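Novice: after the sequence you'll find the predicted model.
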Amino acid sequence: MTASAACGQISSRLLFDGNLLADYFQIYLRDQSHPDLPSDYTEETIGKRLMIGPYAAIVHTARNMIVPVSVEWHDARPQPDVERYQHVVKASFDCPSGVLIVAGLTDYEPNASRLAVEPGQLGVRANMSGLDTISEDGLEGNDRYLLQLWPSPQPLGLQVLKSWVER
């Protein structure tokens, strides 16, 4: 047991911190060995801002532009901080290879970032802020996307913890 685990603290590390082109208002995480992304697009799934497939998650962004994205790994499910964000949603998917690809929907995938994670079922929480800063034309904004990952022994159904309704 690590010293942080003995003190009750959850160990975490930053896996990715950069900008991605959210073409078609989407970024994704997927197991590198399973290329299929979820495709069950409905108004409801888009409104929840997260779609889950067996081996992937698609995050629906507020802009069809380059957006800042951070991905964190946590050794256990972190406590949600819903007060800090405008939209928070969680679910789970499987990553049997232990390597995730993070990319924008139309990125050239061979150049996309690869993230080493614990193989198996992963919990994912998408935390979104700055959604109220998007310009009327949708080109500018201070929106940010934090994706938190952790090992999840049991599958998690998609659950919106806090919902942002566009005005």
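Specialist: It's in.
Novice: need the strands for this protein, in chain order.
Specialist: 12-21, 26-31, 50-52, 56-60, 66-74, 87-95, 99-104, 113-116, 120-129, 144-151, 159-162 (DSSP state E).
Novice: any chance of the ones you listed in CSV, plus distance to Y41 and mean neighbour count?
Specialist: C-betas here are computed from N, CA, C, even on glycine. Output for these, formatted as CSV (distance: least, Cβ to Cβ, whole Å; neighbours: other Cβ atoms under 10 Å):
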stretch, distance to Y41, mean neighbour count
strand 12-21, 19, 14
strand 26-31, 10, 24
strand 50-52, 7, 23
strand 56-60, 9, 23
strand 66-74, 19, 19
strand 87-95, 16, 23
strand 99-104, 17, 22
strand 113-116, 25, 14
strand 120-129, 17, 21
strand 144-151, 19, 21
strand 159-162, 17, 15
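Novice: same list (the ones you listed) but as a markdown table, adding mean pLDDT and distance to D137.
Specialist: Below are these laid out as a markdown table (pLDDT from 0 to 100; distance: least, Cβ to Cβ, whole Å):
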| stretch | mean pLDDT | distance to D137 |
| --- | --- | --- |
| strand 12-21 | 97 | 17 |
| strand 26-31 | 98 | 19 |
| strand 50-52 | 97 | 25 |
| strand 56-60 | 98 | 19 |
| strand 66-74 | 98 | 15 |
| strand 87-95 | 98 | 21 |
| strand 99-104 | 98 | 20 |
| strand 113-116 | 98 | 29 |
| strand 120-129 | 98 | 20 |
| strand 144-151 | 98 | 19 |
| strand 159-162 | 97 | 26 |
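Novice: among the ones you listed, which is nearest P38?
Specialist: strand 50-52 (4.2 Å; Cβ to Cβ).
Novice: how far does that closest one sit from the chain's center?
Specialist: A distance of 9 Å separates the centroid of the chain from that of strand 50-52, by Cα atoms, centre = their mean, to the nearest Å.
Novice: quick revisit: as TSV, the strands of the chain with distance to T42 would be great.
Specialist: Listed next are those as TSV, based on distance: least, Cβ to Cβ, whole Å:
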stretch	distance to T42
strand 12-21	24
strand 26-31	14
strand 50-52	9
strand 56-60	12
strand 66-74	23
strand 87-95	15
strand 99-104	22
strand 113-116	28
strand 120-129	18
strand 144-151	21
strand 159-162	14
